[in-house]
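Asks: model the following, please.
(one chain, ligands or ions: 1)
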Amino acid sequence: MKIGILSRNPKLYSTRRLVEAAEARGHEVHVIDTLRCYMNITSMKPEVHYKGENLTGFDAVIPRIGASVTFYGTAVLRQFEMMGVYPLNESVAISRSRDKLRALQLLSRKGIGLPVTGFAHRPDDVDDLIKMVGGAPLVIKLLEGTQGIGVVLAETKGAAESVIEAFMGLQANILVQEFIKEAGGADIRCFVVGGKVVASMKRQGKEGEFRSNLHRGGSANLIRITPEERSTAVRAAQTMGLNVCGVDLLRSNHGPVVMEVNSSPGLGGIEAATGKDVAGLIIDFIEKNSKSGNTKTRGQG
Ligand code: ADP
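Replies: Numbers count the residues shown, from 1 in each chain. Model (predicted):
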């Protein structure tokens with residue numbers, strides 16, 4: 001097969017591993033810098049050009065689209081979909097999961113476990129907003145944050161009010177959430193490929209830190225997940241319509257709750273923690289499923 005990897009950087013661990021796994025299986029692989037693609041959207045003749053060349057003959061593309069380039073990245077991917085190229089994850093599913101509010105609304109509609117969550121832009125009654133999610137302590141998040149930046153723990157009602165007011169002053173959309181104290185600064189990353197959890201790890205924040213992000217000094221370990229956690233992760237992936245994703249869960253008193261569904265999950269942490277060849281499993285999935293036009297939306301989204 002001829003496989004394209006949409007990635008800004010061929011040197012990233014995840015990109016290198018996917019290239020390696022695909023080449024080991026005899027495929028031709030091209031790493032394509034998403035932002036350097038340009039597109040012809042003339043009626044009925046979609047094309048993607050790159051370095052002066054018309055990209056043709058691809059059987060599948062693997063989108064590795066960073067949060068900061070979601071808009072242009074999903075447009076390039078949609079163009080490939082319109083050309084009938086099989087996308088590992090569809091552009092519509094990526095957009096769905098990148099919009100945190102939309103993702104939470106879709107997950108809640110399916111009855112998937114979530115922390116009690118409120119969202120607001122300029123709430124006219126901060127007191128009621130805080131009451132609505134069960135009072136302090138609570139977690140306040142900037143909607144546009146990634147890697148734990150813009151995630152604040154407010155221990156008291158007074159602190160919660162000040163943080164909410166400060167974020168309101170920034171004209172930001174915010175998410176106000178029940179603090180899952182019993183998670184003990186740890187979360188569980190379930191790596192889903194084709195409707196199955198193929199690897200999972202526990203990430204523990206460094207001492208005194210409630211955020212478990214590896215970028216913030218957290219550490220990762222192999223973990224055995226429960227059947228309920230497994231089915232929560234699989235249902236979350238299905239709800240987003242993602243073939244490959246990382247579902248982040250917290251262990252709460254009321255069962256597993258989903259924090260986030262990541263459509264371009266990194267391979268470094270999970271392969272190191274579990275010793276599994278996750279890149280190989282992704283390529284296997286593509287081999288089984290990459291028929292031309294085998295998507296839910298055919299680029300219509
Ligand atoms: P980001 O998308 O920026 O990583 P998250 O919403 O995933 O932000 O939050 C970062 C980390 O903070 C999570 O991985 C989790 O460890 C911790 N965290 C987030 N929300 C809560 C919460 N409601 N209760 C307890 N811990 C939380």
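
Asks: which ones are touching I188?
Replies: 200-203, 223, 225, 229, 248-251, 256 (C-beta atoms under 8 Å, 6 or more residues apart in numbering). Placement of C-beta: from N, CA and C, glycine included.

Asks: sitting in strands, which of the residues you listed do you find?
Replies: Among these, the members falling in strands (DSSP state E) are 200-203, 248-251, 256.

Asks: from those residues, list the ones also adjacent to the ligand.
Replies: Checking the ones in strands among the contacts of I188 against the ligand by C-beta under 6 Å from any ligand atom, the ones in range are 248, 250.

Asks: can I get the ones in strands among the contacts of I188 in CSV including pLDDT and neighbour count?
Replies: What follows is the ones in strands among the contacts of I188, written out as CSV (pLDDT from 0 to 100; neighbours: other C-beta atoms under 10 Å):
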residue, pLDDT, neighbour count
S200, 98, 24
M201, 97, 24
K202, 97, 20
R203, 95, 22
D248, 97, 21
L249, 98, 25
L250, 98, 19
R251, 97, 18
P256, 98, 23
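
Asks: what is the nearest of the ones in strands among the contacts of I188 to R98?
Replies: D248 (14.3 Å; C-beta to C-beta).

Asks: now stretch 183-196: how far from the chain's centre is it?
Replies: The chain centre lies 11 Å from the centre of stretch 183-196; the measure is C-alpha atoms, centre = their mean, to the nearest Å.

Asks: please apply the same query to stretch 263-277.
Replies: The chain centre lies 14 Å from the centre of stretch 263-277; the measure is C-alpha atoms, centre = their mean.

Asks: need the contact partners of that stretch.
Replies: With C-beta under 8 Å, 6+ apart, stretch 263-277 has contacts from 13-14, 17-18, 21, 63-66, 89, 93-94, 97-98, 189, 191, 198-201, 203, 214, 220-222, 240, 242, 244-246, 278-279.

Asks: start to end distance for it?
Replies: End-to-end distance of stretch 263-277 (C-alpha to C-alpha, to the nearest Å): 18 Å.

Asks: ok, back up a step: just the buried residues of the contacts of stretch 263-277.
Replies: 14, 17-18, 21, 63-65, 89, 93-94, 97-98, 189, 191, 198-201, 203, 214, 220, 240, 242, 244-246, 278-279 (16 or more other C-beta atoms under 10 Å).

Asks: of those, which belong to helices?
Replies: 14, 17-18, 21, 93-94, 97-98, 240, 278-279 (DSSP state H).

Asks: export those to TSV and tack on distance to K291 and pLDDT?
Replies: Output for those, formatted as TSV (distance: C-beta to C-beta, whole Å; pLDDT from 0 to 100):
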residue	distance to K291	pLDDT
S14	25	98
R17	25	98
L18	20	98
A21	20	98
A93	18	97
I94	20	97
S97	24	96
R98	26	93
M240	22	97
V278	23	98
A279	22	98
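
Asks: max pairwise distance over those residues: which two?
Replies: Within these, A21 and R98 form the most distant pair, 25.2 Å apart (C-beta to C-beta).

Asks: okay, helices next: where are they in the protein?
Replies: Per DSSP H, the chain carries helices over the ranges 13-24, 70-82, 91-98, 100-109, 126-132, 157-169, 227-240, 268-274, 278-289.

Asks: starting at the chain centroid, how far to stretch 45-52?
Replies: A distance of 27 Å separates the centroid of the chain from that of stretch 45-52, by C-alpha atoms, centre = their mean.

Asks: show residues contacting that stretch.
Replies: Residues contacting stretch 45-52 (C-beta under 8 Å, 6+ apart): 32-33, 36-40, 54-55, 76, 79-80, 82-83, 299.

Asks: repeat the analysis, applying 7 Å as the threshold.
Replies: Stretch 45-52 is contacted from outside by 32, 36-40, 54-55, 76, 79-80, 82-83, using C-beta atoms under 7 Å, 6 or more residues apart in numbering.

Asks: quick check: mean pLDDT across it?
Replies: Per-residue pLDDT over stretch 45-52 has a mean of 93.

Asks: list the buried residues of that stretch.
Replies: Buried residues in stretch 45-52 (16+ other C-beta under 10 Å): 46, 48, 50.

Asks: ditto for stretch 92-112
Replies: 92-98, 100, 103-104, 106-107, 112.
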